[in-house]
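>>> Let's see this in three dimensions:
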Amino acid sequence: MRSHLLLAAAATLALSACASEKPVERTCPPAAAVAGTERMTSFRPGGGQDLTEVAFTAKVDSVESVCRYGDEGVEVAMNVLLSAERGPADTAREATLQYFVAIENGSANFIAKEIYDVTLPFEGNRRRIGIVEEVDITIPTPADNDFSGVRILVGLQITPEQVEYNRRTKGP
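Numbering: from 1, shown residues only. Purely as a prediction, here's the structure:
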């Protein structure tokens with residue numbers, strides 16, 4: 001009887017040890033707008049850089065993502081919320097811009113970048129418009145199988161002059 005009790009105790013300990021081993025929980029690689037490229041001001045061609053020359057302003061309002069890990073890597077589905085506002089110099093009644101999605105694996109080690117074109121129409125009397133861009137990407141599994149250094153960076157594809165303008169101003 002004692003051997004059955006020891007065997008039952010050993011089995012219980014073995015099962016509880018298995019139950020305490022939780023599966024490795026992986027979180028989505030963080031996805032966020034890049035400071036300095038999350039907003040832009042577009043001026044009337046040939047004009048200056050005062051407020052009366054603004055054609056439109058645009059910004060990345062938010063980035064949300066969900067992911068699913070598989071054998072080949074991680075599939076990420078993102079919603080990128082972009083918005084634009086008409087300026088006094090607007091004649092096109094639309095904001096045409098580009099935004100990017102880049103994958104960073106470690107500090108400044110970019111493994112991919114994709115640029116997307118988007119047009120936000122100012123219909124009727126609308127001065128402000130927002131859209132949600134759905135972006136699906138797959139990030140291959142790193143050689144060391146470690147996703148902890150992977151980040152997803154989103155920003156507006158802007159010129160060096162627009163970056164400088166962002167630095168000088170508080171923006172829209």
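
>>> Helix or strand with the lowest mean pLDDT in this structure?
The weakest-scoring helix or strand in the chain, judged by mean pLDDT, DSSP states H and E, is helix 2-20 (a mean of 39).

>>> pLDDT averaged over the helix or strand encompassing Ser83, what's the number?
Using DSSP states H and E, Ser83 falls within strand 73-86. In this model, strand 73-86 carries a mean pLDDT of 97.

>>> which residues sit against the next helix or strand after the least confident helix or strand of the chain?
Heading C-terminal from helix 2-20, the first helix or strand you meet, by DSSP H and E, is strand 31-33. Contact partners of strand 31-33, identified using CB atoms under 8 Å, 6 or more residues apart in numbering, comprise 60, 62-65, 76, 78, 151-155. For every residue, glycine as well, the C-beta is placed using N, CA and C.

>>> From Gly36, how far off is Pro160?
Distance of Pro160 to Gly36, given as CB to CB, to the nearest Å: 11 Å.

>>> More neighbours: the two, which one.
Neighbour count, other CB atoms under 10 Å: between Pro160 and Gly36, Gly36 has more, with 14 against 7.

>>> Helix, strand, or coil at the more buried one?
Under DSSP: H, G, I helix; E, B strand; the rest coil, Gly36 falls in the coil class.

>>> Tell me which residues touch it, please.
155, 163, 166-167.

>>> Could you rank these by neighbour count and give me the top one?
Tallying neighbours with other CB under 10 Å puts Gly155 at the head of the contacts of Gly36, with 21 neighbours.

>>> That residue contacts Leu97, correct?
No. Contact between Gly155 and Leu97 fails when scored by CB atoms under 8 Å: they sit 11.0 Å apart.

>>> thinking again about what came up before, what lines up beside the strand holding Ser83 in the sheet?
Next to strand 73-86 in the sheet, as set by DSSP bridges, lie strand 54-69 (antiparallel), strand 128-140 (antiparallel).
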